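**Student:** would you be able to build a 3D model of this:
(chains A, B, C, D, E and F)
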Protein chains: 6
Amino acid sequence: MKIFVINPNSTTSMTDKIAASARAVTAPGVVIEARSGIGAPASIEGHYDEAMAVPRLLDQVREAEAQKADAIVVACFDDPGIGACREIATGPVIGICEAAVKAASMVATSFSVVTTLPRSVPIIEEMVRRYGLDHQCRRVRSAAIPVLALEEPGSNARLLVRAEILRAIEEDRCEAVVLGCAGMADLAAWLTEETGIPVIDGVTVATKFAEALVGAGIKTSKIGAYAPPNPK
Amino acid sequence: MKIFVINPNSTTSMTDKIAASARAVTAPGVVIEARSGIGAPASIEGHYDEAMAVPRLLDQVREAEAQKADAIVVACFDDPGIGACREIATGPVIGICEAAVKAASMVATSFSVVTTLPRSVPIIEEMVRRYGLDHQCRRVRSAAIPVLALEEPGSNARLLVRAEILRAIEEDRCEAVVLGCAGMADLAAWLTEETGIPVIDGVTVATKFAEALVGAGIKTSKIGAYAPPNPK
Amino acid sequence: MKIFVINPNSTTSMTDKIAASARAVTAPGVVIEARSGIGAPASIEGHYDEAMAVPRLLDQVREAEAQKADAIVVACFDDPGIGACREIATGPVIGICEAAVKAASMVATSFSVVTTLPRSVPIIEEMVRRYGLDHQCRRVRSAAIPVLALEEPGSNARLLVRAEILRAIEEDRCEAVVLGCAGMADLAAWLTEETGIPVIDGVTVATKFAEALVGAGIKTSKIGAYAPPNPK
Amino acid sequence: MKIFVINPNSTTSMTDKIAASARAVTAPGVVIEARSGIGAPASIEGHYDEAMAVPRLLDQVREAEAQKADAIVVACFDDPGIGACREIATGPVIGICEAAVKAASMVATSFSVVTTLPRSVPIIEEMVRRYGLDHQCRRVRSAAIPVLALEEPGSNARLLVRAEILRAIEEDRCEAVVLGCAGMADLAAWLTEETGIPVIDGVTVATKFAEALVGAGIKTSKIGAYAPPNPK
Amino acid sequence: MKIFVINPNSTTSMTDKIAASARAVTAPGVVIEARSGIGAPASIEGHYDEAMAVPRLLDQVREAEAQKADAIVVACFDDPGIGACREIATGPVIGICEAAVKAASMVATSFSVVTTLPRSVPIIEEMVRRYGLDHQCRRVRSAAIPVLALEEPGSNARLLVRAEILRAIEEDRCEAVVLGCAGMADLAAWLTEETGIPVIDGVTVATKFAEALVGAGIKTSKIGAYAPPNPK
Amino acid sequence: MKIFVINPNSTTSMTDKIAASARAVTAPGVVIEARSGIGAPASIEGHYDEAMAVPRLLDQVREAEAQKADAIVVACFDDPGIGACREIATGPVIGICEAAVKAASMVATSFSVVTTLPRSVPIIEEMVRRYGLDHQCRRVRSAAIPVLALEEPGSNARLLVRAEILRAIEEDRCEAVVLGCAGMADLAAWLTEETGIPVIDGVTVATKFAEALVGAGIKTSKIGAYAPPNPK
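**Tutor:** Numbers count the residues shown, from 1 in each chain, chains lettered A, B, ... in the order given. I've put the predicted structure just below:
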């Protein structure tokens, strides 16, 4: 089984981290192909970055299809271009936000999300509502760190994330926390340990859910909105 | 006042029709600048087309800003890239779906939408829910016509749209109908006449709403999700 | 075009202020006819006042119809009697709450409302939910001032409103604020200036939306709930 | 215990029927005082009739308070003026729609409503949503009969209602039916018998719920929206 | 009329208190039969306790049916096994949470719930949402007391409950409070007195609502989900 | 990794089928332990059967914990006792309804459910709403077959299910179908083949999702509603 994990931004150190997180959890026989959004913004912080990244993401999806991808993970917490990806993919396409919040809803009655920048909060709130989990989401919080701070070796980003999770437990009375950025993929195990609650990373979960859907023989529906694009 | 009406697809005959519809309703002193999505797909029929069209749309928005646009209308019923446009615009950015359904909700207790292709139905349903009007939307219907059929002089597209509206009145018990494609902009008056109910075209309404917000001194908020993109 | 702006209460100084606000924004050729609720309560602070004001409002609507009104604005933030007005009007009838929150939702991902008295808060919350925008409304707040304090020249009402807006920005993380009383119509520009976010007044927006709907050729649907009252 | 059952319209034959229905179910020691909306429309068929009836209804509520009412039932299925009544009443004020749909939700997983005229359907749909029971309400249906047809001895109104209930069972897969007009109060027992499902009349249930709340020592809250009207 | 009030837990002192509360409010001629969950957990604090208690509860319901129960009240605020009870009962089956929140929604525009332990909060939140009243429920709060502390004569439980209600009024801006445990049945009158708002106990209200539905001739629907269990 | 798949009913032929379906999809190294609800009803058709089955299910969960289960799948489409199971389990507990509808929502914009008996329809509708996917669920349908008909070798049950799926595609315009009974686990591949859309079986998906959550290091939260039961 071949799962393509596509980081829609162009920061390859983040892609490497994402790939490592995905590979760390795959079942025997599953191959992770990691790709970056070549030519896309270095980080996706808002609608504009997202819009500019999607065509590059679609290039990667088309190529993944050509290489017989069984499933595709879109490794950006805004779940950019998921509908478009599903139109051109055969197998499942999983966004990390969708995967993470749906996983959280299976192990906790409520969760909060901790993301990077305040400007991403309303975007995530809208996604959570679209996925139907606003009644289980206590709050979407920002740790007030730029996405790329997560890539800087000496930054205190991970401490800020931990602090925000502890605030979420205290103030939101949430039972789990979802990490709201692909760049936090390597922090989940440590944060789970530190905080005593499930801290859920979307990259890992989305990869496993992709594996799960492929394993269960489930593909993307092709009779409606996700049918291949109409020829022009 | 200068309102840019941007057709995100590249079909200039549609842009011309849209421009004419917008100009037909503007107040004295309002200038309509119409633009096409140069390099975008010829029509937007689904998520993929939408994703491919958005970067071209953003080019047009940036240029409109440079030309001191007071407001921007995005003239595609999928409201593509609205959030991204709002990040780079100063004045209001109005999508024609959002404008049309919000207008419909002010003159009728319920409405149905009649769009072109079945594949657009779920996309529109999701938007209507995002805009909070699913409880007033009876049904999103398709007249089963490709977008560009609306541009063909001899096609029976307008008759198919009329037939679908009549079915909506009968089967959905709706009090108004929203036309679910910018390419239907020239049909609203005729269809209102033919059917006896408000048949609402988003291009016209969005243009007038843009005019309204500018006139009322309302601009896009810049303290949150619609702040200018972060520099990379 | 003739738009009737009806203040459902009997305080004519408020009507004058409302009329001035409306006239300040209308397009060339639009005439504003302002009316008070003669015989209605001096202010509308709760369901009871609202109920007592509506028959007088309907008198004014009937007279507006006789005088060939193109549209009607009901200038009280409780949107009293809107359904009844729509039954006896031909053109659009716009409530200022509905207009303001729908405008806010087009320029911000979230908004709070600042109204006069605490007792109006649940009424406004219910309206916002009826209009389908509860997911974008962070909170309805009261500045704890009686409606008529807004009419007293030396009162500190405008300072209290400003303070409450600043609290809303800080505590609610909202991107815009809607003014929850027609008596605040003259404050929007100053408050927008002072706070740096869109502060939206319903009188102005409703007037412009009325102008917009008339300009777009949209009337109230007459085939359902808004049909003329049944003769008795 | 003294319960005032107020028919907001002026048709005294309907008031008599309502009073009889209420008296048929009260516990020992409960006195029903029935009142009509003197000067109100003869029937309430839409928002306009409702608005015109409410001030008369409030007159009756004030008088009921003067006569030491323990609770008040508003016997019109549009639940007109309930908020206003609650502001001037001490004990509970129950609308027959609210009572009936909440009762239905306790004995069935789903219900449909059968009302008189099509124009009332959207009004009832909005109320059901306001009461939070739209997810249990399959459909609001009209039997296409004017309200006063229910008062005509020889009319086939009751047969039309029965036919509509049978259609509701068949088409809506509902488990109960709520009668959507106070004028149907005398039909519930017969229709329950005929159809084999709970057919619920709001007058009866609201009266019993009023009795229940009084018996349980519950009064209307006076610290918020239902506080007495502010003096002018 | 014979109403069975079943305490699903096995603590008979709580059953006695519940029975006394029910008997204190019944109309003349209504007999309360109180039962405990013999063999069930001593208190119901979470899903597990609830699941273990339900079969004993169903034993009691079957026996109540054999003894010609007119209605059944399930006196645990988690409303355990209500659907199952309704399948084997003929008359209405009322849960005390459902009754209390629906009563609260009739006398206040908003309410908060004060329950015993934090672990019950998400369970109650989910129920309130199921009953469609999440938009009127400000918050579900815990007074941080075990259920059985309410049975200890010298405990300060009632003071903790009062303190939590006062916090709810202050922080939640709620207009009423619902007591979230059957063991608080004897506190409602005192707390209403102390706090000045309606403090609603589900045991009392559910008993009166049961009386009301029986009095109105309403039984549990038997054509759908509440039909008798299929024979095996 | 050891996943316990528990069939809450006592029909061992169904358990065998479920076990085979689960084993057919597991990754290398995953062991499926299948269990029946010894002493539970032979099939779960409604709330009552469900309530009677849960204590037996909890026995199995306790034993699974003793045997170091990594995760638990509850193989009944009513997701009985999930909350209670989660209180006594350490790893994830997945219900097949929750897993199936969440999987469907990742590969289709809409789905319908096809279950066995009409009486299960409202139960499933309520679950789908609880899981937040009512806006993506077109309709819950019944093929009008008893659960155990799926176990009879010569029955036409599979043909009835196929026919109902084809009706769902035609009438509901759904893009995928979820099989609403664990007893249909062996039909998904054949039905996907026959109908051309994703036909999703919960047993398979839940097993894979359990594997996924365990693989991603995610356990059930123990700080809130799913904490171990309080000692009595």
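**Student:** wait, what's in contact with the residue positioned nearest the centre of chain A?
**Tutor:** A centroid search over chain A (Cα atoms, centre = their mean) returns residue A:96, at 2.3 Å, as the residue closest to the centre. Neighbour list for residue A:96: A:73-77, A:79, A:182, A:201-203, A:205-206 [criterion: Cβ atoms under 8 Å, 6 or more residues apart in numbering or on different chains]. For the C-beta atoms, the positions are set from N, CA and C on the backbone; glycine is no exception.
**Student:** out of those residues, which are inside strands?
**Tutor:** Using DSSP state E, the members of those that fall in strands are A:73-74, A:201.
**Student:** dump the residues you listed to TSV, plus pLDDT.
**Tutor:** As requested, the ones in strands among the contacts of residue A:96 are exported to TSV (pLDDT from 0 to 100):
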residue	pLDDT
A:73	98
A:74	98
A:201	98
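**Student:** residue A:183 versus the closest residue to residue A:182 other than its chain neighbours, what's the distance?
**Tutor:** Distances taken as Cβ to Cβ, 6 or more residues apart in numbering or on different chains place residue A:75 nearest to residue A:182, at 4.5 Å, with adjacent residues excluded. From residue A:75 across to residue A:183, the span is 9 Å (Cβ to Cβ, to the nearest Å).
**Student:** so these two - more neighbours on which side?
**Tutor:** residue A:75 (34 against 29; other Cβ atoms under 10 Å in any protein chain shown).
**Student:** ok so, going back, out of the ones in strands among the contacts of residue A:96, who's nearest chain D?
**Tutor:** residue A:74 (32.1 Å; Cβ to the nearest Cβ).
**Student:** quick check: residue A:5 touching residue A:75?
**Tutor:** Yes - applying Cβ atoms under 8 Å, one finds residue A:5 in contact with residue A:75, separated by 5.5 Å.
**Student:** intersection of neighbour lists for the two?
**Tutor:** By the contact definition Cβ under 8 Å, 6+ apart, residue A:5 and residue A:75 are jointly contacted by A:18, A:203.
**Student:** my guess is residue A:179 meets residue A:99, correct?
**Tutor:** No - counting by Cβ under 8 Å, residue A:179 stays clear of residue A:99, with 11.8 Å between them.
**Student:** more neighbours: which of the two?
**Tutor:** Taking neighbours as other Cβ under 10 Å, residue A:179 and residue A:99 compare with residue A:99 leading, 31 against 27.
**Student:** what residues are up against that one?
**Tutor:** Contacts of residue A:99 (Cβ under 8 Å, 6+ apart): A:73, A:202, A:205-206, A:209.
**Student:** scan those residues and report the most crowded one.
**Tutor:** When neighbours are taken as other Cβ under 10 Å, the top entry among the contacts of residue A:99 is residue A:202 (36 neighbours).
**Student:** coming back round to it: who touches both of residue A:179 and residue A:99?
**Tutor:** Between them, residue A:179 and residue A:99 share the contacting residues residue A:202, judged by Cβ under 8 Å, 6+ apart.
**Student:** give me the residues contacting the helix or strand where residue A:164 lies.
**Tutor:** Residue A:164 is part of helix A:157-167, with elements assigned from DSSP states H and E. Identification of contacts with helix A:157-167 by Cβ under 8 Å, 6+ apart yields A:114, A:141-145, A:149-150, A:177, A:179, A:184, A:187, A:190-191, A:194-195, A:197, A:199.
**Student:** taking these one by one, which sit in strands?
**Tutor:** Going by DSSP E, the strands hold A:114, A:141-142, A:177, A:179, A:199 from these.
**Student:** name the member of these with the most neighbours.
**Tutor:** residue A:177 (31 neighbours).
**Student:** who's in contact with that residue?
**Tutor:** Residues near residue A:177 by Cβ under 8 Å, 6+ apart: A:111-114, A:165, A:168-169, A:191, A:195, A:197-200.
**Student:** mind doing that once more with 7 Å?
**Tutor:** Contact partners of residue A:177, counting by Cβ atoms under 7 Å, 6 or more residues apart in numbering or on different chains, are A:111-112, A:114, A:165, A:168, A:197, A:199.
**Student:** and what of residue A:27?
**Tutor:** Shown in contact with residue A:27 (Cβ under 7 Å, 6+ apart): A:211, F:27-28, F:215.
**Student:** buried stuff in whichever helix or strand residue A:13 is part of?
**Tutor:** Element membership for residue A:13, per DSSP H and E: helix A:12-23. Using 16 or more other Cβ atoms under 10 Å in any protein chain shown as the test for burial, helix A:12-23 gives A:12, A:14-15, A:17-19, A:21-22.
**Student:** redo the residues you listed as CSV? Include pLDDT and distance to residue D:60.
**Tutor:** Listed next are these as CSV, based on pLDDT from 0 to 100; distance: Cβ to Cβ, whole Å:
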residue, pLDDT, distance to residue D:60
A:12, 97, 76
A:14, 96, 70
A:15, 98, 73
A:17, 96, 72
A:18, 97, 69
A:19, 98, 74
A:21, 97, 69
A:22, 98, 70
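**Student:** nearest residue to the single nearest residue of chain A relative to chain D in space, please, no chain neighbours.
**Tutor:** Chain D sits closest to residue A:135 of chain A, with a gap of 12.6 Å, by Cβ to the nearest Cβ. What sits nearest to residue A:135 in space, not counting adjacent residues and going by Cβ to Cβ, 6+ apart, is residue E:129, at 5.9 Å.
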